[in-house]
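In: pasting the sequence and the predicted model now:
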Amino acid sequence: GIGRIDDAAARSLHTMAARILAGLPPTRPDDDPKDKEEGAQSPRYSSIPLARRDSSLLPGTLHHFTSHENLKSIRQHGLLSIQQLERDGLHFLPSSSEGSRRTDRSRGLDGFIHLCLDKEHPMAWAAFYQRELSIAWIEVDSSIVDQRRTLYSSSNALRSGIRPDGDPQTAVAGDKQAEVLVFGDIPLQYLTIR
């Protein structure tokens, strides 16, 4: 019979399918499956133990904001981290500033998708007012944290002095900018796109 595949194999198949749908070759010559999870982590966060895989500590729905311009791609590929979008050569309009993305990269967080617990997240309003983006909200089933490497921060993960960890309670007890950081991708079955 057909057996179950593990998370790494599922992510690999998802990436291959996304590349084919985007008109790209299924793999790139420099793609090494070991690099996907291990090489994407900066030493700064590699020592953090895997999070307790317990979505029951979180609200049932988490939120992600993005530009309306990205919805077509998200409907095709699911939510992908900036690292994965760039690696796969997929076009996207970032809702974060270049400075934020640079800080994400330097802290090893560009391989994570940033989710929030509160739709009143100040960074969404900054993207709307300062960058004049048309913001779309995507609802994310919090059970994704049971399937992916996840970090939690008590405020904006890029804020000085904030150190994400593996405890969901860190985000739950945090402020309006608390984040749930999901590694790699979030497949469509976890998303509600309106």
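Out: Cool, the structure landed. These numbers come from a predicted model, not from an experiment. Residues are numbered from 1 along each chain as shown.

In: on the pLDDT front, check Phe92 for me.
Out: Model confidence at Phe92, given as pLDDT, is 90.

In: my bad, should have said Pro33
Out: Reported pLDDT for Pro33: 39.

In: same question, Asp118
Out: 80.

In: where's the closest residue to Glu139 other than its chain neighbours, which helix or strand?
Out: Once flanking residues are discounted, Glu139 sits nearest to Thr192: 4.0 Å by C-beta to C-beta, 6 or more residues apart in numbering. (Each C-beta comes from the backbone N, C-alpha and C, glycine too.) Thr192 belongs to strand 191-193 when assigned by DSSP states H and E.

In: what does Ile138 give?
Out: Per DSSP H and E: strand 135-141 holds Ile138.

In: so which bits of that strand are buried?
Out: 136, 138-141 (16 or more other C-beta atoms under 10 Å).

In: let me have those residues in TSV, extended by pLDDT and distance to Thr170.
Out: Putting these into TSV (pLDDT from 0 to 100; distance: C-beta to C-beta, whole Å) gives the following:
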residue	pLDDT	distance to Thr170
Ala136	85	27
Ile138	93	22
Glu139	95	22
Val140	97	18
Asp141	96	20
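
In: can you redo the residues you listed as CSV with distance to Gln83?
Out: Listed next are these as CSV, based on distance: C-beta to C-beta, whole Å:
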residue, distance to Gln83
Ala136, 21
Ile138, 19
Glu139, 23
Val140, 18
Asp141, 22
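
In: can you list contacts of the strand holding Ile138?
Out: 60-68, 70-71, 74, 79, 95, 115, 119, 124, 127-128, 186, 190-194 (C-beta atoms under 8 Å, 6 or more residues apart in numbering).

In: after it, which helix or strand is next? Please name it.
Out: strand 150-153.

In: what comes up buried for that next one?
Out: For strand 150-153, by 16+ other C-beta under 10 Å, it's 150-153.

In: then stretch 57-76?
Out: Those would be 58, 62-67, 70, 73-74, for stretch 57-76 by 16+ other C-beta under 10 Å.

In: can you check stretch 168-176 too?
Out: For stretch 168-176, by 16+ other C-beta under 10 Å, it's 168, 170-171, 174.
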